[in-house]
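*Asks:* Predicted coordinates and the sequence they were generated for:
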Amino acid sequence: MLDRRHVLKAGGALALLGSAPLARAADKPDLPAGLPQGDYDTAILDALPGKKPLIKLSYRPPNYETPVSYFNTEYTPNDAFFVRYHLAGIPDSIDVNAWRLKIGGEAAGGAFELSMDDLQKSFPQVELPAVCQCSGNRRGLSDPHVAGVQWGVGAMGNAIWKGVRLKDVLAKAGLKPEAIEIVLDGADGPVLDKTPKFTKSLPVWKAMDENTLIAFQMNGQPLPHLNGFPARLIVPGWTATYWMKHLTSLQAVSTPFGGFWMKSAYRMPTGKFPVIDRFLTQETPANTPITEMVVNSLVTSPGANARGTRGQPMNVSGIAWDAGYGIASVEVSTDGGKEWHSATLGQDSGRYAFRQWSFRFTPQKAGTATLLAKATNHAGQTQADQLIFNPAGYHNNVPRPLSINVTA
């Protein structure tokens, strides 16, 4: 189990990651408006091993989100990257020298195991910038509120992932023509036997996409333990439910995988959202698995409780992202959505990465100025003006307001 006092081992070398003392009641994070009252009462800034103080929503299992201030850089620091687990049976440590990835299944031509040395030396290595976002990011902002972890806006991060293409590994297994899904498993598990293990599947066509990776590095460093060490799956453009941490097994199957986390969890009403990538072997007339992220944006600066002065210019900046179609434009409103103005897009670091943007704003009158940002991608998709409600609280991409107190 995860133990705050435990010394973690990574890469065979002793690395004392440590942890900060439990946060004091005064160490309260800045939270967005619209969350359940319980979040404001209980959420604190707290440091897990190897992490800076993040917004703690639960400890067992650990669910910690990234404060907005860390999104002012293009890539989210490893020690500030959000932490998301469904189950509390997390390994204290994993000896990378003993770690093995099992590949096979009834729809594969053969079965074999890979060590980390095999993985790094037997296949071409690639790097890819991509956003990892929890499917439930912004769930706590649903109206009415729904069950689940009440995430604000920080259950996401952008990193440069380094690893090997999943399709190269699967090619060695020799997929049979009848293979339709790849079942994914990791080292974390349930505390109780009756709790279903967190196991997922991917459609073969997505597994064979050249951008789907088995990653062992994040921002130039080995994966942090709490972000999937020693290897995790990277499924760019799709929500993080498929980004299996502590990867242990890849099994090719010829029938749709029927595990709880596919058949019962992470599903939405069919046709509710403008999704292009669909998981058809898991779809029913009533509901469908969540797959790709919807287009979204966030004002990251100025921060909460910001102040401005009438007639004095101020910089407004933020990030935009989507499922990989690419951000075409970002518009900013300074009057709560009555008028919109084009923002300046920053460097394009890749279609799966955060796209930074900026806007110069000069308040013309004292009072409250309400900032909003709205992104549009190259597929013609724009953020929703009103919440598209669903029982799981997924895909909340309504522009988030930020109020600035302007003085004369």
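*Replies:* Yes, it's here.
*Asks:* how near is W238 to Q364?
*Replies:* 43 Å (C-beta to C-beta, to the nearest Å). The C-beta positions use only the backbone N, C-alpha and C, and glycine is treated the same way.
*Asks:* Neighbour count for those two, which is higher?
*Replies:* Taking other C-beta atoms under 10 Å, W238 and Q364 do not tie; W238 has more neighbours (27 against 11).
*Asks:* Can you tell me, leaving aside adjacent residues, what's nearest to S122?
*Replies:* L114 (7.4 Å; C-beta to C-beta, 6 or more residues apart in numbering).
*Asks:* for the stretch 201-350 of the chain, what are the low-confidence residue spans?
*Replies:* By pLDDT under 70, the stretch 201-350 of the chain has no low-scoring segment.
*Asks:* which SS state does G140 fall under?
*Replies:* On the three-state scheme (DSSP: H, G, I helix; E, B strand; the rest coil), G140 is labelled helix.
*Asks:* Please look at it and A147 and confirm they touch.
*Replies:* No - judged on C-beta atoms under 8 Å, G140 makes no contact with A147 at a distance of 11.1 Å.
*Asks:* So for these two, which residue has more residues nearby?
*Replies:* Using other C-beta under 10 Å, the more surrounded residue of G140 and A147 is G140, with 27 against 10.
*Asks:* excluding its backbone neighbours, what's nearest that one?
*Replies:* Excluding its sequence neighbours, the residue lying closest to G140 (C-beta to C-beta, 6+ apart) is Q150, at 3.4 Å.
*Asks:* contacting residues for the residue nearest to S122?
*Replies:* Shown in contact with L114 (C-beta atoms under 8 Å, 6 or more residues apart in numbering): R100, L101, I103, S122, V169.
*Asks:* how does it look with 7 Å?
*Replies:* R100, L101, I103 (C-beta atoms under 7 Å, 6 or more residues apart in numbering).
*Asks:* Can you tell me which of these is nearest K263?
*Replies:* Nearest to K263 among the contacts of L114: I103, at 23.8 Å, using C-beta to C-beta.
*Asks:* Who are the contact partners of that closest one?
*Replies:* A111, F112, L114, V169, A173, L250.
*Asks:* Ok, W321 next?
*Replies:* Per C-beta under 7 Å, 6+ apart, neighbours of W321: V131, M293, N296, F354, R355.
*Asks:* Redo the residues you listed as CSV? Include secondary structure.
*Replies:* Formatted as CSV, the contacts of W321 follow (three-state DSSP):
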residue, secondary structure
V131, strand
M293, coil
N296, strand
F354, coil
R355, strand
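*Asks:* closest to N397 among those residues?
*Replies:* N296 (4.3 Å).
*Asks:* Any figure for the gap between the closest one and V153?
*Replies:* Taking C-beta to C-beta, one finds N296 at 9 Å from V153.
*Asks:* Please identify which of the two sits among more neighbours.
*Replies:* Neighbour count, other C-beta under 10 Å: between N296 and V153, N296 has more, with 28 against 22.
*Asks:* wouldn't the more buried one be in contact with N396 here?
*Replies:* No - N296 lies out of contact with N396 (C-beta atoms under 7 Å); the separation is 8.4 Å.
*Asks:* Tell me who's in contact with the residue nearest in space to the middle of the chain.
*Replies:* The centroid of the chain falls nearest to Q133 when counting by C-alpha atoms, centre = their mean (1.7 Å). By C-beta under 7 Å, 6+ apart, the contact list for Q133 reads A155, M156, T239, A240, M293.
*Asks:* related to what we said a few turns ago, filter the contacts of I103 down to just the ones in strands.
*Replies:* Cross-referencing those against strands under DSSP state E gives F112, L114, L250.
*Asks:* State the phi and psi torsions of the residue lying closest to N287 once chain neighbours are set aside.
*Replies:* Setting aside the residues directly before and after it, N287 is nearest to R267 in space (C-beta to C-beta, 6+ apart), at 4.4 Å. R267 has phi and psi values of phi -120, psi 150 when expressed as degrees, to the nearest 10.
*Asks:* what sits against the closest residue to Q251 other than its chain neighbours?
*Replies:* Excluding the flanking residues, the one nearest Q251 by C-beta to C-beta, 6+ apart is G105, at 3.5 Å. Contacts here follow C-beta under 7 Å, 6+ apart; on that basis G105 touches V183, Q251, A252, V253.
*Asks:* out of these, what pair is the most spread apart?
*Replies:* Greatest spacing in those, by C-beta to C-beta: V183 and A252 (7.8 Å).
*Asks:* The two - which one has more neighbours?
*Replies:* Comparing V183 with A252 by other C-beta under 10 Å, the one with more neighbours is A252, at 25 against 19.
*Asks:* Please list all residues in contact with the more buried one.
*Replies:* Here A252 is in contact with G105, A107, A108, A173, L175, A179, I182 (C-beta under 7 Å, 6+ apart).
*Asks:* what ranges do the helices span in the stretch 201-350 of the chain?
*Replies:* For the stretch 201-350 of the chain, helices defined by DSSP state H, counting those that start in this stretch occupy the ranges 204-207, 260-263.
*Asks:* about what we covered before: now the residue nearest to S122: how far from G163?
*Replies:* From L114 to G163 the distance is 12 Å (C-beta to C-beta).
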